[in-house]
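Visitor: After the sequence you'll find the predicted model.
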Amino acid sequence: WVSDQLMSLLGYSENFLTDYVTNLASSEKSAAALLAKLHAADVPNTPATRKFAEDLFARAPRKSGGAAAQQKARAAADKKEKP
C-alpha cells in the first residue's frame with residue numbers, strides 16, 4: 001500500500017523509501033508531525049499528501065516508548081498469568 005501511494009504522490013517508489021516512510025510514521029507522535037517530515041523531505045503539499053500522512057499514521061505500528069514501556073508491558077503480562 002505504501003509503495004503504491006508513493007508512486008501516486010511522487011511518481012516513483014523504492015524499497016528503501018517505502019521502509020523509511022513507514023518507519024517515520026511509526027516514530028512520529030501525530031499525523032501532522034508525519035506530514036511536516038514529509039514536507040521537509042520535499043514531498044509536495046497537496047490534499048493527497050495530507051490524506052496519505054493521515055492514513056499511514058493510522059496504519060503504522062507504534063514504536064514502544066523504550067525500556068519503561070517494555071517493563072510495563074512485561075508486568076501487565078505477568079499479572080495476567082498469575083491466578
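Guide: The structure has been received and is ready for your questions. Numbers count the residues shown, from 1 in each chain.
Visitor: Spell out the secondary structure type for the closest residue to Ala31 other than its chain neighbours.
Guide: Excluding the flanking residues, the one nearest Ala31 by CB to CB, 6 or more residues apart in numbering is Phe57, at 3.9 Å. Quick note: C-beta positions are derived from backbone N, CA and C, even for glycine. Under DSSP: H, G, I helix; E, B strand; the rest coil, Phe57 falls in the helix class.
Visitor: Now Leu35: closest residue in space that isn't a chain neighbour?
Guide: Ala53 (4.0 Å).
Visitor: shouldn't the one you found be in contact with Leu38?
Guide: Yes: using CB atoms under 8 Å, Ala53 is in contact with Leu38, at 6.0 Å.
Visitor: Nearest residue to the middle of the chain?
Guide: Centroid-nearest residue in the chain, with CA atoms, centre = their mean: Ala25, separated by 1.9 Å.
Visitor: buried set for the host helix or strand of it?
Guide: For Ala25, the host element (DSSP states H and E) is helix 15-27. Judged by neighbour count using 16 or more other CB atoms under 10 Å, the buried positions of helix 15-27 are Thr18, Val21, Thr22, Leu24, Ala25.
Visitor: What helices and strands are in contact with that helix?
Guide: helix 2-10, helix 31-40, helix 47-59 (3 or more CB pairs under 8 Å, 6 or more residues apart in numbering; DSSP states H and E).
Visitor: Now with 7 Å, please.
Guide: helix 2-10, helix 31-40 (3 or more CB pairs under 7 Å, 6 or more residues apart in numbering; DSSP states H and E).
Visitor: Redo the buried residues of helix 15-27 as TSV? Include distance to Asp4 and pLDDT.
Guide: Listed next are the buried residues of helix 15-27 as TSV, based on distance: CB to CB, whole Å; pLDDT from 0 to 100:
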residue	distance to Asp4	pLDDT
Thr18	10	94
Val21	12	95
Thr22	13	94
Leu24	17	93
Ala25	15	95
